[in-house]
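Colleague: return atomic coordinates for the entry below.
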Amino acid sequence: MANNRKALIMGGIIIDKYVLTDEFPKRGQDTLISDYFENVGGCAINVAYTLKNLNCMPYLVSVLGEDENGDRCSQYLEEKNLSTDCVYVEIEEKTGYCINIVEKGGERTFLTYKGCEAQFSEDLIPDHVLKNLGFIYLTGYYLVDGSYNENIAVFLEKAAEAGVKIVFDPGPLIGKVDKETIYRVLKIAHVLLPNETELETLEKMFVERKNFKEWCLKSGITYIITKKGREGAEILGENIFFDQPAFPVSSIDSTGAGDSFAGGLMAGMLMGLDLDEAVIMAAACGAITTTLVEPHGDFDLKDIERLVIEHREEEESYD
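Modeller: Numbering: from 1, shown residues only. You can find the predicted model right below:
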């Protein structure tokens, strides 16, 4: 069944370096660290891991450096049974990493070093991956370097023309991506998946569009799904508008929650669920991820169904 639920994940694989602290210090001040550890991560692998958890087939697209971090990433993909069909090791290059500062309560701050993970050419994607491909997920992180944006845009335009649906997640660094590339992606995207801050950044970049959301929908985007953290998500489409509340869970780390939301959304759509049910699945995936001290982890469809049922039973008990 997974072979009919294929998604290409464009975002790069890096090392996440976690710093846990009770509170983030004021600028120029000091604070204590309660714990430190490293994981293989990056938003792309977080999305892919959720898809794999839900019996879909993700294909990660990334270049890794020939270094210790790159070796660790390759080993991790093998251990977790994640496909390396679209992963390439580049000699004498460095693998990227991200320092994640996680405060008590789950709030996090990122410091990212861009390595070679953003390199891209169509040669990275074998023909068998493109066959019966359902979705391509693209994060704005993949566009920050800029050197390969033309290659990426051309590839996505061809894929969209062939009927593949594009999910565009702008990412926190979207303001550093050139406007023309963003415009080309918005013109072919099926789903725009920003958080509130990213949406504001896009609205400022395209200030000449009096109503950015309306322009996106008229330009071809089917759904704008705005992730709002603990407030859930807002779903907008032509003649569609509704809110999806967040699931109440004991959150300890919000890192990767938005990525898991994206993975859950695509998984639901690949399963043929209606939009509202796919969004519920996405919200449940995001919620479960916040209960883990890592950006991705093991759960399955039964865990998602259990969380949804428990939440509905609680709602009914209050009625």
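Colleague: now the residue most central in space within the chain, nearest residue through space, not along the chain?
Modeller: Centre of the chain computed as the mean C-alpha position; nearest residue by C-alpha atoms, centre = their mean is Asp259, 3.4 Å away. Taking C-beta to C-beta, 6 or more residues apart in numbering as the measure, Asp259 lies nearest to Asn46, with 3.5 Å between them; neighbours along the chain are not counted. (C-beta placed from N, C-alpha, C; glycine too.)
Colleague: ok, Glu231 next?
Modeller: Beyond its immediate neighbours in the sequence, the residue positioned closest to Glu231 (C-beta to C-beta, 6+ apart) is Ala246, lying 6.4 Å away.
Colleague: tally of neighbours for that neighbour?
Modeller: Other residues within reach of Ala246, judged by other C-beta atoms under 10 Å, total 20.
Colleague: show me what the host helix or strand of the residue nearest to Asp259 is packed up against.
Modeller: Mapping Asn46 onto the secondary structure by DSSP states H and E places it in helix 43-53. The contact analysis (3 or more C-beta pairs under 8 Å, 6 or more residues apart in numbering; DSSP states H and E) places helix 43-53 against strand 6-10, strand 57-65, strand 133-139, helix 257-270, helix 275-289.
Colleague: pull the CA atoms of it into CSV?
Modeller: These are the backbone C-alpha positions of helix 43-53, laid out as CSV (Å, rounded to 0.1, in the frame of the first residue of the first chain):
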residue,chain,number,x,y,z
CYS,A,43,12.5,19.6,8.9
ALA,A,44,12.7,17.2,5.9
ILE,A,45,13.5,14.1,8.0
ASN,A,46,10.8,15.1,10.5
VAL,A,47,8.2,15.2,7.8
ALA,A,48,9.5,11.9,6.3
TYR,A,49,9.5,10.1,9.6
THR,A,50,5.8,11.0,10.2
LEU,A,51,4.9,9.7,6.7
LYS,A,52,6.8,6.5,7.4
ASN,A,53,5.0,6.1,10.7
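Colleague: what's the angle from it to helix 275-289?
Modeller: Here helix 43-53 points in a direction 110 degrees away from that of helix 275-289 (axes from the mean of the first three to the mean of the last three C-alpha atoms, to 10 degrees).
Colleague: quick check: mean pLDDT of helix 43-53?
Modeller: Over the span of helix 43-53, the pLDDT mean works out to 95.
Colleague: ok and that helix relative to helix 257-270, angle-wise?
Modeller: For helix 43-53 against helix 257-270, the angle between stretch directions is 40 degrees (the same axes, to 10 degrees).
Colleague: nearest spatial neighbour of Leu199, chain-adjacent residues omitted?
Modeller: Once flanking residues are discounted, Leu199 sits nearest to Thr226: 5.6 Å by C-beta to C-beta, 6+ apart.
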